[in-house]
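Novice: task: produce atomic coordinates for the following.
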Amino acid sequence: FKDQLKQTADESLKEYLASYKTKLNGIEESNDKLMQKCIQDYHTQRETFTIEMETAITKKLAAARIEFEKKLQNIEHDLFKDTKSAYQQIVAAADELKNKQKSFDTAKRKWNKDDVRIA
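Specialist: Reported below is the predicted structural model:
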């Protein structure tokens, strides 16, 4: 009877261990599948995030470039086209001074020629 009980207990234990191993293998397989799915989801999200960030950065750079060009146009207008700006007044004064210098040089040459003729 003891041998039979021991044999039944051993068989029961083996069945339980086999059942436990199959359940454990099933859990490990599902765990591996879930881990692979999580890793794949992570890579997909990272890829999506990278594309979104690149798009956002490109849009911000384009907007900044447009704003910068507008500011440059405003500065150019203020400096070069607005006749009331100090820069334009300085340029006009310099041009006027050059014209006066040219007319003076012309008059000086004429005077020198006349002076030579007189002498």
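Novice: can you tell me which helix in the protein is longest?
Specialist: helix 2-76 (DSSP state H).
Novice: by contact count, what packs against that one?
Specialist: Counting contacts by 3 or more Cβ pairs under 8 Å, 6 or more residues apart in numbering; DSSP states H and E, helix 2-76 packs against no other helix or strand. All C-beta spots, glycine's among them, are computed from the backbone N, C-alpha and C.
Novice: I'd like the next helix or strand past that helix.
Specialist: Per DSSP states H and E, the first helix or strand lying C-terminal to helix 2-76 is helix 86-118.
Novice: mind checking how far the spatially most central residue of the chain is from residue 39?
Specialist: For the chain, residue 57 is the residue whose C-alpha lies nearest the centre (Cα atoms, centre = their mean; 4.1 Å). Per Cβ to Cβ, to the nearest Å, residue 57 is found 27 Å from residue 39.
Novice: number of residues surrounding residue 68?
Specialist: 10 (other Cβ atoms under 10 Å).
Novice: do residue 88 as well
Specialist: There are 15 residues near residue 88, going by other Cβ under 10 Å.
Novice: could you find the closest non-adjacent residue to it?
Specialist: In this structure, residue 88 finds its nearest non-sequential neighbour in residue 82, 6.4 Å apart by Cβ to Cβ, 6 or more residues apart in numbering.
Novice: tell me who's in contact with residue 88.
Specialist: 79-82 (Cβ atoms under 8 Å, 6 or more residues apart in numbering).
Novice: over to residue 17?
Specialist: By Cβ under 8 Å, 6+ apart, residue 17 has no neighbours at all.
Novice: returning to what we had before: kindly provide the distance from the residue nearest to residue 88 to residue 26.
Specialist: 81 Å.
Novice: likewise for residue 97?
Specialist: 96 Å.
Novice: one more: residue 67?
Specialist: Residue 67 is 60 Å from residue 26, by Cβ to Cβ.
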